[in-house]
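S.K.: okay, sequence plus prediction incoming.
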Amino acid sequence: SDLIRARAPPPPLSEEATKSSLVQMGFPQKKHVASDALTVGVTGDYVCPRCSGRIDELPSQCAVCRLTLVSSPHLARSYHHLF
């Protein structure tokens, strides 16, 4: 394989192919909703750090501000698979 690479170098990557992008993520806090609390719609235990919207489960996207929400252990597992 070294011989092949020496004779046929790979083509240069375009700037578009090497462009990186960032994804904003939030780490919501788990806050239990009291059983007698007045709620409308989602009554999830997680609270979005950007808009304080309620979320039922993680990972997900906030229905109010569209922020991607993950837990730190989930992000760590995803990072491990990327690299």
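M.R.: Cool, got the structure.

S.K.: and Gly53, how many neighbours does it have?
M.R.: Look at Gly53: counted by other CB atoms under 10 Å, it has 19 neighbours. In this view, the C-beta of every residue, glycine as well, is placed from N, C-alpha and C.

S.K.: nearest residue to it other than its sequence neighbours?
M.R.: Among residues not flanking Gly53 along the chain, Val64 sits closest, at 3.8 Å (CB to CB, 6 or more residues apart in numbering).

S.K.: residues contacting that neighbour?
M.R.: Val64 is in contact with 48, 51, 53, counting by CB atoms under 8 Å, 6 or more residues apart in numbering.

S.K.: go on, Pro59?
M.R.: Going by CB under 8 Å, 6+ apart, Pro59 touches 68-71, 74.

S.K.: now those: which count as buried?
M.R.: Neighbour-count burial (16 or more other CB atoms under 10 Å) is assigned, among those, to 69-70.

S.K.: in strands only, show me the contacts of Pro59.
M.R.: Taking DSSP state E, the ones among these that sit in strands are 68-69.
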